[in-house]
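Engineer: Sequence first, then the predicted structure, then my questions.
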Amino acid sequence: MPTVRLYNTMSRAIDVIEPLEPGHLRIYCCGPTVYDFAHIGNLRKYVCDDILVRTLRHAGLNVTHVMNVTDVDDKIINAAPGGLDAIREYTAPYTKAFFEDLATLRIQDPDVVCAATEHVDQMVDMVQKLIDRGHAYQSDGSYYFRIASFPEYGRLARIDTAGMRAGARVEVDEYSKDDVRDFALWKAHKEGEVAWDTSLGRGRPGWHIECSAMSMHYLGESFDMHTGGVDNAFPHHENEIAQAEGATGKPFVKYWIHHEHLLMDSQKMAKSLGNTFTLRDLLDRGLDPVGLRYLLASAHNRTQLNFTNEAVEQATQTVKGLHDFMRRLADAKAEEGEPSDLAEEAGEARKAFFEAMYNDLQTPQALAAMFDLVKAANIALQHKTCTSGDIEAVRDAMLEFDQILNVLDAGEEEILDEEIERMIREREEARERRDWQKADELRDVLEDQGVLLEDTADGTRWKRA
RNA sequence: GGCGGCGUAGCCAAGUGGCUAAGGCGGCGGUCUGCAAAACCGCUAUUCACCGGUUCGACUCCGGUCGCCGCCUCCA
């Protein structure tokens, strides 16, 4: 099995990935809070997770991928006062939209998707363990994690907890805590808010507790990998560690992966700047979802990616080029010329591509290896003798790359359109008569319908624009 | 104020203490084509924000300046 290396926020180094259980990698990815449509910056994170999981699977690991859906939090409660029915009614469409967005971006669904509101029991159990072990206390019906009881606090984000007292942010929490650094595990019921009647009393879970409770419920008290946006490292993941390790006394997660943010036109994305766009917004503007996937996948996950309209259009062009290439490959026939060494080139490209991916997900280098092969194959197809084995090797390599990238066409066969076929035949006849004017006219008509023609030695081909 | 990241061609984006600074998109010129398209060939950063320093040698290491971005209690 190949060695996979990834940057681990905990160690601040590129670590060799060795699952706790050999051959089986258990990963938890922080999921969406479904109070609104996901914006493109949120979605980058899921594309990064997708590339990561696909790479781990390609390396031969059996991956169990769990993702949460946060369907109860302050924003949701504010938007949907009342009980559980009210927040479910409010969040359901956003949850549905979120998974539609994942599908649009060709992101594989996780093996397990868990909603916070369906795991309150597990969270209550965990809070109880924290109380029993002296890490939590009650105040006015709410429960808090006592940071002073967990000396390791701040290890992930390298935060000096002493300095938090002088933090720039103003404390806005109206609940009473022993120490400003402590965070809520369970919030006492307030009138008009959703609540559960539990052994802790009537109330609702804090945000961080859901991820600790659900990840351990599905993946065990210690598991391999946990992902999130860079902003989640502190406080969310730091708090998760405190809760999990406080409750079990065992190490929580071995590898922490954090994905960088997307910039919009070199600016941060923020509602106040009016530059957050949902996938729907972008599709309405005519952007191609697969081009978008390619763009989001094409930069390294730990660098900020600058999102511009132009960049998406470029990515879309690139993907079109790959589609053209696969088609050319499918139609390829052996030609006379010097013998090609395409099979070897394919092998080299494969090696380079996956070495790059296995070495901290270096997508840009992997893509460069792929394009080197595309170029070599195009040259060979034009000037050399390619055996069916040569062509097959290139095709297999491309399809293998696409196990990670997932941007190629799924189905080969384009539905034949009789009207289009008839016009193409008509144009062929015109061309035989050397009636170029008529032929060009027909080509223009088809182009207006989004059909592009290519006259090749083997006849005219067409594709959708 | 504290901590951290980044600044590479028109655009997106890799990279290394010293061979010609990856790759993609775009543009220009050419081959092919009835014309196109696709593909191919050539050109498109004497230079890596700026200023110093270390070094035989730095884009890569150090210091400073400017710019952008993130975290510092619930934002991917």
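Structural biologist: That came in fine, so what should we check first?
Engineer: same for the lowest-mean-pLDDT helix or strand in chain A, what does it pack against?
Structural biologist: The weakest-scoring helix or strand in chain A, judged by mean pLDDT, DSSP states H and E, is strand A:338-339 (a mean of 73). When contacts are defined as 3 or more C-beta pairs under 8 Å, 6 or more residues apart in numbering; DSSP states H and E, strand A:338-339 packs onto strand A:384-385. Bear in mind the C-beta positions are built from the backbone N, C-alpha and C, glycine included.
Engineer: going on from the strand it packs on, what's the next piece of helix or strand?
Structural biologist: helix A:388-405 (DSSP states H and E).
Engineer: Any buried residues in the next helix-or-strand element following that next one, and which?
Structural biologist: As assigned by DSSP H and E, the chain's next helix or strand after helix A:388-405 is helix A:418-432. By neighbour count, with 16 or more other C-beta atoms under 10 Å as the criterion, the buried positions of helix A:418-432 are A:420, A:423-424, A:427, A:430-431.
Engineer: Going along the chain, name the helices of the stretch 201-350 of chain A.
Structural biologist: Taking DSSP state H, counting those that start in this stretch as the test, the helices found in the stretch 201-350 of chain A are A:207-219, A:238-248, A:279-284, A:289-298, A:309-331, A:342-358.
Engineer: Please determine how far residue A:108 is located from residue A:40.
Structural biologist: Noted for residue A:108: a distance of 19 Å to residue A:40, by C-beta to C-beta, to the nearest Å.
Engineer: who's more crowded, the two?
Structural biologist: residue A:40 (25 against 15; other C-beta atoms under 10 Å).
Engineer: Could you list which residues are in contact with the spatially closest residue to that one that is not a sequence neighbour?
Structural biologist: Leaving aside its sequence neighbours, residue A:40 sits nearest to residue A:277 (C-beta to C-beta, 6 or more residues apart in numbering; 5.3 Å). Residues near residue A:277 by C-beta atoms under 8 Å, 6 or more residues apart in numbering: A:39-40, A:264.
Engineer: Just the buried positions in stretch A:242-262, please.
Structural biologist: Quick answer for stretch A:242-262 (16+ other C-beta under 10 Å): A:242-248, A:252-262.
Engineer: which residues of the stretch 151-300 of chain A score low on pLDDT?
Structural biologist: Along the stretch 151-300 of chain A, the model assigns pLDDT under 70 to residues A:160-176.
Engineer: count of neighbours near the residue of chain A found nearest RNA strand B?
Structural biologist: Of all residues in chain A, the one sitting closest to RNA strand B is residue A:229 (1.0 Å; C-beta to the nearest atom of the strand). Residues lying near residue A:229 (other C-beta under 10 Å) number 18.
Engineer: need the contact list for it.
Structural biologist: A:30, A:45, A:258-261.
Engineer: surely residue A:94 meets residue A:31?
Structural biologist: No. Contact criterion C-beta atoms under 8 Å: residue A:94 and residue A:31 do not qualify, at 11.9 Å.
Engineer: Cross the contacts of residue A:229 against strands and list the overlap.
Structural biologist: Among the contacts of residue A:229, the ones falling in strands (DSSP state E) are A:258-259.
Engineer: The contacts of residue A:229 also near RNA strand B: which ones?
Structural biologist: Among those, the residues lying close to RNA strand B (C-beta under 7 Å from any atom of the strand) are A:30, A:45, A:259-261.
Engineer: residue ranges for the strands of the stretch 1-150 of chain A, please.
Structural biologist: A:5-8, A:13-16, A:24-29, A:62-69, A:112-115, A:136-139, A:142-145 (DSSP state E, counting those that start in this stretch).
Engineer: quick one: average pLDDT of the second one?
Structural biologist: To tie it back to what came earlier, the one meant is strand A:13-16. Strand A:13-16 shows a mean pLDDT of 87.
Engineer: now do the third one
Structural biologist: Averaged over strand A:24-29, pLDDT sits at 96.
Engineer: what's it packed up against?
Structural biologist: helix A:40-58, strand A:62-69, helix A:207-219, strand A:223-229.
Engineer: and that strand with helix A:238-248, angle?
Structural biologist: 130 degrees (axes from the mean of the first three to the mean of the last three C-alpha atoms, to 10 degrees).
Engineer: is strand A:24-29 up against RNA strand B anywhere?
Structural biologist: No. Strand A:24-29 stays clear of RNA strand B (C-beta under 7 Å from any atom of the strand), getting no nearer than 9.4 Å.
Engineer: tilt between that strand and strand A:62-69?
Structural biologist: Going by the same axes, to 10 degrees, strand A:24-29 makes 20 degrees with strand A:62-69.
Engineer: Report the contact partners of residue A:327.
Structural biologist: Counting by C-beta under 8 Å, 6+ apart, residue A:327 has contacts A:461, A:463.
Engineer: thinking again about what came up before, can you put the strands of the stretch 1-150 of chain A in JSON lines and add mean neighbour count?
Structural biologist: Converted to JSON lines, the strands of the stretch 1-150 of chain A look like this (neighbours: other C-beta atoms under 10 Å):
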{"stretch": "strand A:5-8", "mean neighbour count": "18"}
{"stretch": "strand A:13-16", "mean neighbour count": "12"}
{"stretch": "strand A:24-29", "mean neighbour count": "24"}
{"stretch": "strand A:62-69", "mean neighbour count": "21"}
{"stretch": "strand A:112-115", "mean neighbour count": "18"}
{"stretch": "strand A:136-139", "mean neighbour count": "18"}
{"stretch": "strand A:142-145", "mean neighbour count": "25"}
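Engineer: Which one of the ones you listed has the poorest average confidence?
Structural biologist: strand A:13-16 (a mean of 87).
Engineer: pull the CA atoms of that one into CSV?
Structural biologist: Presented in CSV, the C-alpha positions along strand A:13-16 are these (Å, rounded to 0.1, in the frame of the first residue of the first chain):
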residue,chain,number,x,y,z
ALA,A,13,4.2,18.9,9.9
ILE,A,14,3.5,16.7,7.0
ASP,A,15,2.8,13.3,8.7
VAL,A,16,2.8,9.8,7.3
